[in-house]
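K.L.:
take this sequence and fold it.
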Amino acid sequence: MNTTDLSPTAHPPQAGPSPARVEDAIAAIPARTPRTSTADRLAMRIGLWLLLWSTRPSDDRESAERAHAARLVADATRAEHDVAVARAQSLYGAHRFIR
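P.N.:
Next up is the predicted model:
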């Protein structure tokens with residue numbers, strides 16, 4: 001049986017804020033939104049430029065060829081490992097683990 005507590009709460013609802021308090025709160029809000037300082041904006045722009053510059057693609061053809069060769073070796077090694085695992089599973093009846 002699902003029962004719901006229908007007893008009154010410890011804190012009954014209160015009336016909304018008085019109009020005088022609302023006007024005081026609105027008066028406390030600054031008329032103009034503060035802007036980020038010029039020095040901070042300059043620092044953020046320089047930081048963004050450095051980030052983009054540091055992640056640029058390399059123009060060095062030799063390093064690109066070395067990276068491609070390393071990727072081919074890694075792919076071949078992974079393929080050899082997969083073949084060895086499949087062979088062991090077929091020979092010994094090992095169940096396949098989910099990666």
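K.L.:
state the mean pLDDT of the lengthiest helix in the chain.
P.N.:
When the chain is parsed with DSSP state H, its longest helix is helix 61-92. Per-residue pLDDT over helix 61-92 has a mean of 91.
K.L.:
next, count neighbours for Arg87.
P.N.:
By other C-beta atoms under 10 Å, the residues close to Arg87 number 10. Using the backbone N, CA and C atoms, a C-beta is placed for each residue, glycine as well.
K.L.:
show me what the longest helix of the chain is packed against.
P.N.:
Helix 61-92 sits against no helix or strand, with contacts defined as 3 or more C-beta pairs under 8 Å, 6 or more residues apart in numbering; DSSP states H and E.
K.L.:
and it, how far from the chain's centre?
P.N.:
The chain centre lies 30 Å from the centre of helix 61-92; the measure is C-alpha atoms, centre = their mean, to the nearest Å.
K.L.:
for stretch 55-75, same thing?
P.N.:
27 Å.
K.L.:
contacting residues around that stretch?
P.N.:
For stretch 55-75, there are no surrounding residues in contact (C-beta atoms under 8 Å, 6 or more residues apart in numbering).
K.L.:
and Arg56, how far from Glu62?
P.N.:
In this view, Arg56 and Glu62 are 17 Å apart by C-beta to C-beta, to the nearest Å.
K.L.:
ok, now Leu52?
P.N.:
24 Å.
K.L.:
swap in Pro34?
P.N.:
From Pro34 to Glu62 the distance is 51 Å (C-beta to C-beta).
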